[in-house]
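J.: Sequence and predicted model, in that order:
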Protein chains: 2
Amino acid sequence: MTVTDGRLVRGQLSRQAVMRSAVDLASVGGLDGLSIGGLASEVSMSKSGIAGLFGSKEDLQLAAIAAAAEIFQERVIAPALTTPAGLERLRALIDAWIDYSESRVFSGGCFFAAAAAEYRARPGAVRDAIAAQMRRWNEFIAGAVTRAMATGELPADTDPPQLAFEISALLDAANDASLLHDSAAPYARARTAINALLARH
Amino acid sequence: MTVTDGRLVRGQLSRQAVMRSAVDLASVGGLDGLSIGGLASEVSMSKSGIAGLFGSKEDLQLAAIAAAAEIFQERVIAPALTTPAGLERLRALIDAWIDYSESRVFSGGCFFAAAAAEYRARPGAVRDAIAAQMRRWNEFIAGAVTRAMATGELPADTDPPQLAFEISALLDAANDASLLHDSAAPYARARTAINALLARH
DNA sequence: CCTACCGATCGGTAGG
DNA sequence: CCTACCGATCGGTAGG
């Protein structure tokens, strides 16, 4: 397969555009509510055109999780990595996440929060993939906390996984409440709580 | 309609049992995944028997929300109300909620956490009913905080809605992570965080 | 990538 | 509360 194969290039471009729509649809209607037919009409393709791109519905769901992870990387992780390690990077990470949620990168808010709530009690490959992403995210926050301890900006008795749990809890709650009540106020509450948390440490 | 009408009595008993199954199914598979046919086979009734009890799927969903609210009242609110108002009642409320989530009163964990995540981006009567229940719950926590301020157990500059937001964020995060990772550890993290929060105030 | 089709299930209703 | 049915949509496949 060469890069100059027109069909391949078109196929890849189309697949990327299809995935962007798939993730957005799933953030609102759920990964289970994401139907092959519904996605097909959203992107003006035939149902079997979509089916052919993925193979099965579960493959489509797993592809959506991978695509969402890429966008999360671009929007949240990458911007934070441009700042110096330590408390500044931890704060940049929190700001980037709030911006990612509040600016509605996905119509239904954070894709992973929605997907985790939907599949947390349904064993299988989809739940495993979501759990792996969530674990990565929490470990990334904990790593940023550890770096801020190394610079002396957070005290040596800080418990990184515990603080990461608390930070992600407050971020998720802001995402949840903002969507449920059509309000930006929960983001301010999360910022207030996280600032107090970091000031206390 | 008299209480001695056999058909009525049986109808009410059956409706209650049906609702209990409906809420449990919805806690795992979502309020949208709750199908009339699926519920029918779960309780060994005909599909139109279930349909006749409710009228429409949306009515079934709204009835499930109301039934879940009743069980939540029994399991979380009522036990807390047997303790004296103040910090003790606030702590009883938190303990009761953790027990309600951890003991899997519903197979999929807290029904409202699941329903809120599913419908928060889908306007309509179902979302409105869930939002109203969530608002009530947060106001109840805030009220308990206010009482603990009145007894002097929490300082006068405490912000009740802010503290209620933080407490419910930590509880929801424990429910989420416990289900997603099949672990009881997140409940201990939530307890640790909430204890620190209350000790700081 | 398409049309055309499969069996299964969806929400809902007629009629009893 | 039941059987029997309606049109629509589901995931998936055959064949091109």
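T.: Received, thanks.

J.: Show me which residues of stretch A:61-81 are buried.
T.: A:61-65, A:67-69, A:71-72, A:75-77, A:79-80 (16 or more other C-beta atoms under 10 Å in any protein chain shown). In this view, the C-beta of every residue, glycine as well, is placed from N, C-alpha and C.

J.: sorry, that was for stretch A:41-52
T.: In terms of neighbour count (16+ other C-beta under 10 Å), stretch A:41-52 has its buried residues at A:43, A:45, A:50, A:51.

J.: now stretch A:146-159
T.: A:146, A:147, A:148, A:149, A:154.

J.: Over to stretch A:163-182?
T.: Across stretch A:163-182, burial judged by 16+ other C-beta under 10 Å covers A:163-181.

J.: Centre of the chain to that stretch, how far?
T.: Distance, stretch centre to chain centre, for stretch A:163-182: 13 Å (C-alpha atoms, centre = their mean, to the nearest Å).

J.: Just say helix, strand or coil for residue A:107.
T.: For residue A:107, the assignment made with DSSP: H, G, I helix; E, B strand; the rest coil gives coil.

J.: Can you tell me which of the buried residues of stretch A:61-81 is closest to DNA strand D?
T.: Distance to DNA strand D, by C-beta to the nearest atom of the strand, is smallest for residue A:61 among the buried residues of stretch A:61-81, at 9.2 Å.

J.: and the longest helix anywhere in chain A, average pLDDT?
T.: The single longest helix within chain A, with elements called by DSSP state H, is helix A:125-150. What helix A:125-150 shows for mean pLDDT is 98.

J.: Distance from it to the middle of the chain?
T.: Worked out by C-alpha atoms, centre = their mean, helix A:125-150 lies 11 Å from the chain centre.

J.: do that helix and DNA strand D meet at all?
T.: No. Counting by C-beta under 7 Å from any atom of the strand, DNA strand D has no neighbours in helix A:125-150; the shortest distance is 12.2 Å.

J.: How about that helix and chain B, any contact?
T.: Yes. Shown here: helix A:125-150 in contact with chain B (C-beta under 8 Å from any C-beta of the partner chain) through A:127, A:130, A:131, A:134, A:135.

J.: low-confidence ranges in chain A?
T.: A:1-13 (pLDDT under 70).

J.: can you give me the helices in it?
T.: Going by DSSP H, chain A shows helices at A:6-29, A:36-42, A:47-54, A:57-72, A:78-81, A:87-102, A:111-119, A:125-150, A:160-181, A:185-200.

J.: which one of those lies closest to residue B:105?
T.: Closest approach to residue B:105 among the helices of chain A is made by helix A:111-119 (17.3 Å; C-beta to C-beta).

J.: Can you check what angle separates that closest one from helix A:57-72?
T.: 150 degrees (axes from the mean of the first three to the mean of the last three C-alpha atoms, to 10 degrees).

J.: Not counting sequence-adjacent ones, nearest residue to the closest residue to DNA strand C within chain A?
T.: Residue nearest to DNA strand C within chain A: residue A:49 (2.4 Å; C-beta to the nearest atom of the strand). Spatially, and ignoring its direct neighbours in sequence, residue A:49 is nearest to residue A:40 (6.5 Å; C-beta to C-beta, 6 or more residues apart in numbering or on different chains).

J.: For DNA strand D, see how far away that neighbour is.
T.: 8 Å (C-beta to the nearest atom of the strand, to the nearest Å).
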